[in-house]
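Enquirer: need a structure here:
(one chain, ligands or ions: 1)
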Amino acid sequence: MDESFIQTTDSTLTIKDWTKINPELVAGFTTKHGGTSHFPYKSNNFGLHVGDEGHNVITNRQQLADQLGFSLENWVCADQVHEDQIVKVSSVLTGSGVDDYNDSIKGTDGFYTNQKDILLTLCYADCVPVYFFAPNYHMIGIAHAGWKGTVKNISGKMVQLWDMMEKIPPSEIYVTIGPSINQCCYIVDDHVINEVDKVLEAVSFTTSPYEQISDGQYRLDLKSVNYLLLLHAGIQEDHLLTSNFCTSCDNDLFFSHRADQGKTGRMISYIGFYNQYK
Ligand SMILES: [Zn+2]
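Expert: Residues are numbered from 1 along each chain as shown. Reported below is the predicted structural model:
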């Protein structure tokens, strides 16, 4: 049983507690089921950049748009580069990258908005989706944190941006860490661990987010690194939830870059406020 997500359809998981806080909110993650792609097999691939035929991806996106009642012209998609750029999205950016990867918002791994009728989306196959919500400020955000984004502290950066630019204290922010590859399946080398050590230098914790398994080989828990960085950024423990799903172990439900040896599709994370009044 996952603490934070429930499967709502064959093709979607939903953050179960957040829509209770605000029924206008939609926030979830896709599975690999229910789509029309033939890449890497019959599947629900959302990535336009992974070798699938574009019309299949757009059909998959349209199916989700219909299911959620959130028109494709109001989605935003990014050209993700494993960096830490976060973009505040307004309605002028909606439609970016929806049917043409070249129109995606460039070099971006995080989005946030306080406007209705905008669906923030990012693509994943093992990396960590991090969802942000400040109900009293009508603010939502999403970040893509692979190991590179994690050690650049994109999660903490979102909290700092909201604090500095939007005057939202960290104590007002809820965060949910979504399905990603877990420690069981994520083996990394010294190079990655050195970067993890650097970003955690000033962070206090009792249990290390990685364990050494042999010379130069470690099992890394990326969700825990993000969790520790979010606590350090001022998020309250009772506002912080983590999904148990491992995209590699739960390969019957998810694409996994590692489990599928690189040739795989992409799930998306999505978060938006419906406009009830349109
Ligand atoms: Zn696993």
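Enquirer: give me the three-state assignment for the residue nearest to residue 120 when sequence neighbours are not counted.
Expert: Excluding the flanking residues, the one nearest residue 120 by CB to CB, 6 or more residues apart in numbering is residue 111, at 4.1 Å. In this view, the C-beta of every residue, glycine as well, is placed from N, C-alpha and C. Three-state call for residue 111 (DSSP: H, G, I helix; E, B strand; the rest coil): strand.
Enquirer: hmm, residue 132 and residue 111 touching each other?
Expert: No - checked against CB atoms under 8 Å, the pair residue 111 and residue 132 is beyond contact range at 9.9 Å.
Enquirer: separation between the residue nearest to residue 120 and residue 75?
Expert: Going from residue 111 to residue 75 by CB to CB, to the nearest Å gives 11 Å.
Enquirer: more crowded one of these two?
Expert: residue 111 (28 against 24; other CB atoms under 10 Å).
Enquirer: tell me who's in contact with that one.
Expert: Residues in contact with residue 111 (CB atoms under 8 Å, 6 or more residues apart in numbering) are 76, 78, 86, 87, 88, 89, 105, 120, 122, 141, 142.
Enquirer: which of the residues you listed has the most neighbours?
Expert: residue 142 (28 neighbours).
Enquirer: pretty sure it is in a helix, no?
Expert: No - counting by three-state DSSP, residue 142 is not part of a helix but strand.
Enquirer: check the gap between it and residue 184 for me.
Expert: Noted for residue 142: a distance of 25 Å to residue 184, by CB to CB.
Enquirer: same check, this time on residue 230
Expert: Residue 230 is 22 Å from residue 184, where distance means CB to CB.
Enquirer: more neighbours: which of those two?
Expert: Neighbour count, other CB under 10 Å: between residue 230 and residue 184, residue 230 has more, with 26 against 11.
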